[in-house]
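J.: okay, sequence plus prediction incoming.
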Amino acid sequence: MFMDLQLKGKLVFISGSTKGIGRAVAEALLRDGARVIINGRSGTEAAVAELSAMGEALGVEGDLSKPEETDRICAEIEQHGPLDILINNMGIFSPRPFAEISDEEWQSILDINVMSTVRLCRYFFPKMQQQDFARIINISSEAGMRGLESMVHYSVTKGAQIVMGRGLANLTKGSGKNITVNSVLPGPTLTEGVEQWLKESAKVQGKTEDQFVADFFQETEPNSLLQRFIKPEEIAAVVAFIASPLSAAVNGASIKAEGGLIKSIV
């Protein structure tokens, strides 16, 4: 049975959305009738052409880790009307031993994963506070709760997004308007980048891809209840509901979509 998420005509911007989770979210929202602006440092035009078969897809190309480009991107977004839904999805990750992470690498991942979210929220949140409906959704990660030893710098940035989301949600108190700010925390997800890593790792270890995945979840992520990689569209389904007017009771939340690998009831 189809659930109407009441997104028809809503204007959405998704950072880092030419592929991966961002692309899956764009597809889900387009299917529900939203007007979706996608973004990437490159490849945006081709992605818009493909997505246009599903609905009103628009594109704004540029690097949100750079302040000067962010100003231009925000201005271009507003040319399409007041923004109803902001989804901060842009992000990078790379396993690195903590002692080998240079200042330059720290600054780069902070600019991409944290400052892109800061700048977009700083620009749009005050405007959204004047609207009757608005959603901000940070695509964080379960790593922001666990502090992965293989990616301390990544975990720090994802934790920062969670705290930022809660802080902004606190500022919506008493507004009397349907405005929420939440964070979605995906677990290991089979994006294009992860799929390529999986293929290469399986080949290096002389395993089939199925055997590599089985070993990965038995040895590296044994707490996962799902015991497989999450599909991007499964994360997108969660995000689509949080973006919907139907989710008004969910505000300031860290919504785990990590396959049950965090052994916690909160």
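T.: Structure's in. What do you need? In this text the structure is predicted, and so the values were computed from the model without any measurement.
J.: would you map the strands across the stretch 151-266 of the chain?
T.: In the stretch 151-266 of the chain, the strands defined using DSSP state E, counting those that start in this stretch lie at 178-186, 254-257.
J.: flag the shaky bits of the stretch 1-150 of the chain, pLDDT-wise.
T.: The model of the stretch 1-150 of the chain has pLDDT under 70 over residues 1-2.
J.: where do the strands of it begin and end?
T.: Going by DSSP E, counting those that start in this stretch, the stretch 1-150 of the chain shows strands at 11-14, 35-40, 57-61, 85-88, 133-139.
J.: residue 149 - how many residues pack around it?
T.: By other C-beta atoms under 10 Å, the residues close to residue 149 number 10. Bear in mind the C-beta positions are built from the backbone N, C-alpha and C, glycine included.
J.: any idea which of the strands of the stretch 151-266 of the chain is most buried?
T.: Most buried of those by mean neighbour count (mean count of other C-beta atoms under 10 Å) is strand 178-186; its value is a mean of 24.
J.: that older thread, columns mean pLDDT on top of the strands of the stretch 151-266 of the chain, output as TSV?
T.: Formatted as TSV, the strands of the stretch 151-266 of the chain follow (pLDDT from 0 to 100):
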stretch	mean pLDDT
strand 178-186	97
strand 254-257	97
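J.: for residue 112, find the nearest of these.
T.: Comparison of the strands of the stretch 151-266 of the chain against residue 112 by C-beta to C-beta identifies strand 178-186 as nearest, at 16.9 Å.
J.: and the angle from the closest one to strand 133-139?
T.: Relative orientation of strand 178-186 and strand 133-139, computed by axes from the mean of the first three to the mean of the last three C-alpha atoms, to 10 degrees: 20 degrees.
J.: CA atoms of strand 178-186 as CSV?
T.: Provided in CSV are the C-alpha atoms of strand 178-186 (Å, rounded to 0.1, in the frame of the first residue of the first chain):
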residue,chain,number,x,y,z
ASN,A,178,6.2,22.5,11.7
ILE,A,179,10.1,22.8,11.7
THR,A,180,12.4,20.0,12.7
VAL,A,181,16.1,19.2,12.7
ASN,A,182,17.2,15.6,12.9
SER,A,183,20.2,13.3,12.1
VAL,A,184,20.0,10.0,10.4
LEU,A,185,22.8,7.6,11.3
PRO,A,186,23.4,4.9,8.5
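J.: packing partners for it?
T.: strand 133-139, helix 143-146, helix 152-170, helix 232-243, strand 254-257 (3 or more C-beta pairs under 8 Å, 6 or more residues apart in numbering; DSSP states H and E).
J.: in its sheet, what does that strand sit against?
T.: Strand pairing for strand 178-186, using DSSP bridges, gives strand 133-139 (parallel), strand 254-257 (parallel).
J.: could you export these as JSON lines, including distance to residue 162?
T.: Formatted as JSON lines, the strands paired with strand 178-186 follow (distance: least, C-beta to C-beta, whole Å):
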{"stretch": "strand 133-139", "distance to residue 162": "7"}
{"stretch": "strand 254-257", "distance to residue 162": "5"}
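J.: of all these, which lies closest to residue 207?
T.: Between the strands paired with strand 178-186, strand 254-257 lies closest to residue 207; by C-beta to C-beta that is 27.5 Å.
J.: next up, the contacts around residue 119.
T.: 64, 67, 70 (C-beta atoms under 8 Å, 6 or more residues apart in numbering).
J.: among the strands of the stretch 151-266 of the chain, which is nearest residue 194?
T.: Set against residue 194 and scored by C-beta to C-beta, the strands of the stretch 151-266 of the chain come closest in strand 178-186, at 10.9 Å.
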